[in-house]
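K.L.:
Predicted model, plus sequence, below.
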Amino acid sequence: MRYLPLLLVILVFFSCKPDLLTIEEVNIELNDPEFAVPLINSKVSIQDALNEFDTGGFLDVDADNFMTLYYTGEVGSIPGVDIPELDDFELPIPDTTLIVDFGTIQSDVDFDFADATAGTMEISFSSNHMEDLTVIVTVENLSKNGVIVSETIPVLYDNTATQEISRMIDLSDSRFDLESDNIEITYSCRNGLNEHRPLTDLNLSFSGVQLDYIQGYVGEFSFALPIDTLVFDLFSDVIGGNLLLEDPSIAVTLNNGFGIPLEVSADTLAVVNENNETLFFNSILDDGVSIAFPSINEVGETKPTTFLFDQSNSNLAEVINFNPGKFIYKLRATTNPEQDSTLKGFVSSQSSISASIEAKLPLWLSANNFVLEETVDFDFESLEQIEQAEFKLITENGLPIALNVQAYFLNSNNVVIDSLFSNSDEFIVAAEINTNGDVVAPGIGEKIQLFDQAKFNNLENATQIRLRTAFATSDANNSSSRFYTDYEIGLKLGVKAVVNP
């Protein structure tokens with residue numbers, strides 16, 4: 001005995017997401033060439049649908065069963081390794097003591113102290129004294145492992161007229177103490193009788209100094225956070241229409257571990273829709289805003305600052321109505337935007353700044369011919385023995401939206417060869433709502449569709465189905481409706497068919 005598994009193409013009657021329901025296959029005994037059976041008698045809640053819908057976000061339900069969609073994204077942190085490095089510099093030492101204003105070396109900063117993890121100091125000089133010497137060079141403002149850097153260099157006379165001497169000092173784990181704003185260097189050069197001998201070309205060269213921690217005024221510089229993208233899969237199949245959300249918002253949170261004044265601005269804030277069109281998001285970040293920062297006593301901590309953008313302080317309504325597929329954002333931070341050198345702070349290699357973004361989309365909305373379209377594969381093989389079928393669908397719709405559904409059958413060249421319905425008039429009637437946008441009575445609808453032999457013949461060449469669903473909210477004035485978890489659609493589907501045994 002052979003059985004025919006009747007696969008339910010009619011699922012597209014109520015959704016462009018055919019996997020929202022699990023429908024058991026209906027086995028028909030082929031000894032009976034004509035039959036009538038019920039296929040569906042079930043209910044689908046809006047929460048069930050959204051839990052299965054690939055939104056890319058997550059669904060939150062409050063105590064009143066009201067639903068909100070959230071999308072979140074994070075930008076990788078920028079660590080303090082991007083803090084300013086000391087420029088390479090040289091200090092000629094014409095006398096036994098030299099005091100140099102550090103501002104003449106690095107004019108855009110005012111360090112109290114700075115810790116170095118790498119770099120070198122080269123001591124070089126020549127000696128034309130025909131005797132052994134002991135040279136001691138001390139940098140009073142530079143310490144290594146807590147000890148002031150003082151280098152003793154013996155010079156042994158080698159019977160040449162001039163001796164070239166060089167000594168390289170590793171500056172890792174060293175500290176520049178610059179609270180006095182000066183660098184003080186002393187040297188002594190003495191022979192075996194403790195007599196002073198002058199050095200006429202003593203020179204100190206600092207190079208490759210990498211700083212691990214700076215305290216003081218670090219100057220003005222800017223750096224960009226990595227560009228990132230927040231995907232809105234909810235809109236991925238949208239091909240037209242308008243969706244108006246009553247209270248959407250986007251929150252941008254910056255966690256700042258740099259202990260200095262920072263101003264954050266937007267290099268890029270834009271959305272891109274499925275047509276690859278771009279719309280820029282306008283907000284206070286366009287002009288730059290100051291963010292919180294830890295004090296000198298809070299090294300290692302971060303301070304959060306959150307900016308909330310809604311329809312009152314941005315073009316968010318326009319952005320949502322643009323049916324965005326992705327939100328692209330790239331932020332830039334600028335240090336000491338007021339250029340006030342009296343504001344002392346810190347930057348550490350352990351400091352970082354990161355950004356996160358959260359889009360909040362409460363399901364309180366209105367829709368006007370909001371159209372979703374998706375193409376799925378189609379296999380005619382399971383229907384080839386059916387000569388004629390009449391489907392009857394009865395809906396009891398507890399959702400405040402009406403649906404207008406059509407399915408187009410495509411051949412292998414993506415050419416439309418037939419449609420599921422002879423017309424695509426609205427047949428899932430919207431529920432009735434009150435003035436608060438809450439459902440007060442379900443919408444009752446009925447649809448009967450005949451599949452004759454000619455339509456089944458057309459379907460033999462179909463390889464795909466293009467599913468199109470248009471949504472509209474209940475009210476003729478396009479007022480907004482609220483969506484709750486207990487809103488559901490009741491579906492009763494039956495089929496009367498004639499098959500070839």
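P.N.:
Okay, I see it.

K.L.:
which residues of the stretch 201-350 of the chain fall in helices?
P.N.:
316-321 (DSSP state H, counting those that start in this stretch).

K.L.:
Any stretches of it with poor pLDDT?
P.N.:
Along the stretch 201-350 of the chain, the parts satisfying pLDDT under 70 run over 233-242.

K.L.:
Which parts of the stretch 51-200 of the chain are strands?
P.N.:
Under the criterion DSSP state E, counting those that start in this stretch, the stretch 51-200 of the chain contains strands at 58-61, 67-79, 89-93, 97-101, 110-127, 133-144, 147-155, 163-170, 174-177, 182-190.

K.L.:
Now the weakest link among those strands, please, by mean pLDDT.
P.N.:
If you rank the strands of the stretch 51-200 of the chain by mean pLDDT, strand 67-79 sits at the bottom with a mean of 76.

K.L.:
Enumerate every residue touching the closest residue in space to residue 232 that isn't next to it in sequence.
P.N.:
Nearest residue to residue 232 in three dimensions, chain neighbours excluded: residue 324, at 5.2 Å (Cβ to Cβ, 6 or more residues apart in numbering). In this view, the C-beta of every residue, glycine as well, is placed from N, C-alpha and C. Contacts of residue 324 were listed using Cβ atoms under 8 Å, 6 or more residues apart in numbering, and they are 232, 235, 271-273, 279.

K.L.:
and residue 387, how far is that from residue 201?
P.N.:
For residue 387, the distance to residue 201 (Cβ to Cβ, to the nearest Å) stands at 107 Å.

K.L.:
typo on my end, it should be residue 279
P.N.:
65 Å.

K.L.:
same check, this time on residue 348
P.N.:
38 Å.

K.L.:
between those two, who's got more neighbours?
P.N.:
residue 348 (21 against 14; other Cβ atoms under 10 Å).

K.L.:
my guess is the more buried one meets residue 218, correct?
P.N.:
No - in this structure, residue 348 is not within contact of residue 218 by Cβ atoms under 8 Å, at 11.1 Å.

K.L.:
partner residues bridging the residue lying closest to residue 260 once chain neighbours are set aside?
P.N.:
Spatial nearest neighbour of residue 260, excluding adjacent residues (Cβ to Cβ, 6+ apart): residue 345 at 3.8 Å. For residue 345, the beta-bridge partners are residue 216 (DSSP bridges).

K.L.:
Isn't residue 345 up against residue 218?
P.N.:
Yes - using Cβ under 8 Å, residue 345 makes contact with residue 218 at a distance of 7.2 Å.

K.L.:
overlap in contacts of those two?
P.N.:
Common neighbours of residue 345 and residue 218 (Cβ under 8 Å, 6+ apart) are residue 260.

K.L.:
who has more neighbours, those two?
P.N.:
With neighbours defined as other Cβ under 10 Å, residue 345 and residue 218 compare such that residue 218 has more, 25 against 20.

K.L.:
Nearest residue to the middle of this structure?
P.N.:
The centroid of the chain falls nearest to residue 73 when counting by Cα atoms, centre = their mean (3.7 Å).

K.L.:
in stretch 429-443, what counts as buried?
P.N.:
429-431, 433, 437, 439, 442-443 (16 or more other Cβ atoms under 10 Å).

K.L.:
Next step: these restricted to strands.
P.N.:
Among the buried residues of stretch 429-443, the members falling in strands (DSSP state E) are 433, 439, 443.

K.L.:
Next, format those as a markdown table and append distance to residue 181 and pLDDT.
P.N.:
A markdown table is the format used below for those (distance: Cβ to Cβ, whole Å; pLDDT from 0 to 100):
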| residue | distance to residue 181 | pLDDT |
| --- | --- | --- |
| 433 | 72 | 83 |
| 439 | 72 | 86 |
| 443 | 78 | 87 |
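
K.L.:
Name the residues of stretch 397-411 that come out as buried.
P.N.:
Buried residues in stretch 397-411 (16+ other Cβ under 10 Å): 397-410.

K.L.:
can those go into JSON lines with extra columns for distance to residue 141 and pLDDT?
P.N.:
What follows is these, written out as JSON lines (distance: Cβ to Cβ, whole Å; pLDDT from 0 to 100):
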{"residue": "397", "distance to residue 141": "79", "pLDDT": "85"}
{"residue": "398", "distance to residue 141": "77", "pLDDT": "86"}
{"residue": "399", "distance to residue 141": "74", "pLDDT": "82"}
{"residue": "400", "distance to residue 141": "73", "pLDDT": "84"}
{"residue": "401", "distance to residue 141": "73", "pLDDT": "81"}
{"residue": "402", "distance to residue 141": "78", "pLDDT": "81"}
{"residue": "403", "distance to residue 141": "77", "pLDDT": "77"}
{"residue": "404", "distance to residue 141": "79", "pLDDT": "76"}
{"residue": "405", "distance to residue 141": "79", "pLDDT": "74"}
{"residue": "406", "distance to residue 141": "80", "pLDDT": "77"}
{"residue": "407", "distance to residue 141": "80", "pLDDT": "78"}
{"residue": "408", "distance to residue 141": "79", "pLDDT": "83"}
{"residue": "409", "distance to residue 141": "83", "pLDDT": "85"}
{"residue": "410", "distance to residue 141": "78", "pLDDT": "89"}
